[in-house]
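K.L.:
how would this look folded up:
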Amino acid sequence: MRILWSLSAIAVASSSVSAFTPSNINSVSRSSETAVFSAVAVAASNVKAKHEATLSKLRAKDQQSSVISTDDLNVIFEDEHIVVVNKPSGVLTVPGKDLNNPSLNKAVFDRYGSESGRMDKMVVHRLGMDTSGLVVFARTNAALRSMNSLFRTRKVTRKYEALVCGHVSQDEGSIDLPLMRDYECPPFMRVSTDDHQRALIDLDPDEVGKKILENPKDSLTKYQVVSREDIAGNDVTRLVLTSISGRTHQLNVHCAAIGHPIVGDTVYGYDGEAAPNGGLDESDLPADKASVELQKAILEACAGKPMCVHAKSISFRHPVTKQDLSFESEAPF
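P.N.:
Numbers count the residues shown, from 1 in each chain. Okay, the predicted model is just below:
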């Protein structure tokens, strides 16, 4: 069975997702719109303060990245141009602004080095700290350029395995919901709607940052049900997720927006730091959504355990030899 979730399907918006982007909202006549717009207006000072407070928390979390040595690396493939590594949960892919943070990038660089002599010139994509699975690093400049091009043109196929709260009723389907930066919970993401785009009207990019005011990003996730299971008697579903568009936090937001947040997701799941339900109202969620009570029970049953999402496979054409490559890794949950 197939199902397609989109903004039109759940009646979140009635016009184009770009109809109320900051660039063209400002050209709308204010004479008849002021009353409506003022109801959803946002204070730049609030956005900035929340953003800085959350960034401080995220930097503190980055410092808790698990140490991984060159001997700890689970190398799936290596040649003179690229290295494919299976990243454990709890390890940063890259160190972030603080280069002293332990990271997979540093361990790979220490073991293999790079033609440029710079560890940052090995990075072509990344996984979140809490996500486990396959990561590709470039060892040569030619490999770096070519891998960047493959990701940019969406010629890399990545599949993820995840446990989500509740039993997803349909065996397969697509989640087609545009994403935007969340001005209420910056710097996290949410599903973009006309109302939330209107709220950005009077914000100044110099005060809140340009990313908050970026246009909505079309985002598409495909899913297949592997099995319907339980954790301590609580319903969960094992899914294979394919991120077609590869947006920031896309899988987390999309799963939450169909009422089935990823098990162990402390940001987009129950009582998380981001907006609940991917930013949608409870009434917009499908009938098979996981109840709040079920999500809370799963959270309690999985306390202290890693988030259940794993980059299980990656396929691409070798950036130099042009050989078709495909790698798989078993999920640890």
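
K.L.:
tell me the strands in this protein, going along the chain?
P.N.:
With DSSP state E as the definition, the chain shows strands at residue ranges 4-6, 75-78, 82-87, 132-138, 157-165, 172-176, 179-181, 189-191, 220-231, 234-243, 309-317, 324-328.

K.L.:
other SSEs contacting the last one?
P.N.:
It stands for strand 324-328. When contacts are defined as 3 or more C-beta pairs under 8 Å, 6 or more residues apart in numbering; DSSP states H and E, strand 324-328 sits against strand 75-78, strand 309-317. The way it works is simple: take the backbone N, C-alpha and C, and place the C-beta from them, glycine included.

K.L.:
Which positions within it qualify as buried?
P.N.:
Neighbour counts over strand 324-328 (16 or more other C-beta atoms under 10 Å) mark Leu325 as buried.

K.L.:
Parallel or antiparallel, list what pairs with that strand.
P.N.:
In the sheet containing strand 324-328, the strands it pairs with under DSSP bridges are strand 309-317 (antiparallel).

K.L.:
Tell me where the model's unsure across the stretch 1-150 of the chain.
P.N.:
Scanning the stretch 1-150 of the chain with the threshold set as pLDDT under 70 gives 1-41.

K.L.:
Could I get the full set of helices for it?
P.N.:
When secondary structure is read from DSSP state H, counting those that start in this stretch, the stretch 1-150 of the chain shows helices at 22-25, 34-40, 44-62, 104-112, 141-152.

K.L.:
Single out the most deeply packed of the ones you listed.
P.N.:
helix 104-112 (a mean of 21; mean count of other C-beta atoms under 10 Å).

K.L.:
now the angle between strand 82-87 and that helix, please.
P.N.:
For helix 104-112 against strand 82-87, the angle between stretch directions is 130 degrees (axes from the mean of the first three to the mean of the last three C-alpha atoms, to 10 degrees).

K.L.:
packing partners for helix 104-112?
P.N.:
Taking 3+ C-beta pairs under 8 Å, 6+ apart as contact, the helices and strands that helix 104-112 lies on are strand 82-87, strand 132-138.

K.L.:
Burial-wise, tell me which of those comes out on top.
P.N.:
Ranked by mean neighbour count under mean count of other C-beta under 10 Å, the helices and strands packed on helix 104-112 are led by strand 132-138, which reaches a mean of 25.

K.L.:
quick check: angle from that strand to helix 141-152?
P.N.:
Computed with the same axes, to 10 degrees, the direction of strand 132-138 lies at 130 degrees from that of helix 141-152.

K.L.:
Distance from strand 132-138 to the middle of the chain?
P.N.:
From the chain centre to the centre of strand 132-138 is a distance of 16 Å (C-alpha atoms, centre = their mean, to the nearest Å).

K.L.:
give the contact list for the residue nearest in space to the middle of the chain.
P.N.:
In the chain, the residue lying closest to the centroid (C-alpha atoms, centre = their mean) is His249, at 1.4 Å. Taking C-beta atoms under 8 Å, 6 or more residues apart in numbering as the contact definition, His249 lies against 128, 179, 188-189, 267-268.

K.L.:
Check it and give its pLDDT.
P.N.:
At His249, the pLDDT value in this model is 96.

K.L.:
how many neighbours does the nearest residue to Ala107 once chain neighbours are set aside have?
P.N.:
Closest residue to Ala107 apart from its sequence neighbours, by C-beta to C-beta, 6 or more residues apart in numbering: Ile68 at 4.8 Å. By the criterion of other C-beta atoms under 10 Å, Ile68 has 21 neighbours.

K.L.:
show me what contacts Ser243?
P.N.:
The contact partners of Ser243, taken as C-beta under 8 Å, 6+ apart, are 158, 160, 221, 250-251.

K.L.:
again, 6 Å this time
P.N.:
Counting by C-beta atoms under 6 Å, 6 or more residues apart in numbering, Ser243 makes contact with 221, 250-251.

K.L.:
separation between the residue nearest to His51 when sequence neighbours are not counted and Thr54?
P.N.:
Distances taken as C-beta to C-beta, 6+ apart put Pro186 closest to His51, at 4.0 Å, once the chain neighbours are dropped. Pro186 sits at a distance of 6 Å from Thr54 (criterion: C-beta to C-beta, to the nearest Å).

K.L.:
Equivalent analysis for Ala199, please.
P.N.:
As judged by C-beta to C-beta, Ala199 and Thr54 stand 18 Å apart.

K.L.:
Likewise for Arg118?
P.N.:
The value you get for Arg118 to Thr54, if C-beta to C-beta is used, is 29 Å.

K.L.:
do His318 as well
P.N.:
Looking at His318 against Thr54, where the rule is C-beta to C-beta, the gap reads 39 Å.

K.L.:
what does Asn74 give?
P.N.:
Applying C-beta to C-beta to Asn74 and Thr54 gives a distance of 32 Å.

K.L.:
Could you do Met189 as well?
P.N.:
In this structure, Met189 and Thr54 are 12 Å apart, going by C-beta to C-beta.

K.L.:
picking up where we left off before, quick check: phi and psi on the residue nearest to the centre of the chain?
P.N.:
For His249, the backbone dihedrals are phi 60, psi 20 (criterion: degrees, to the nearest 10).
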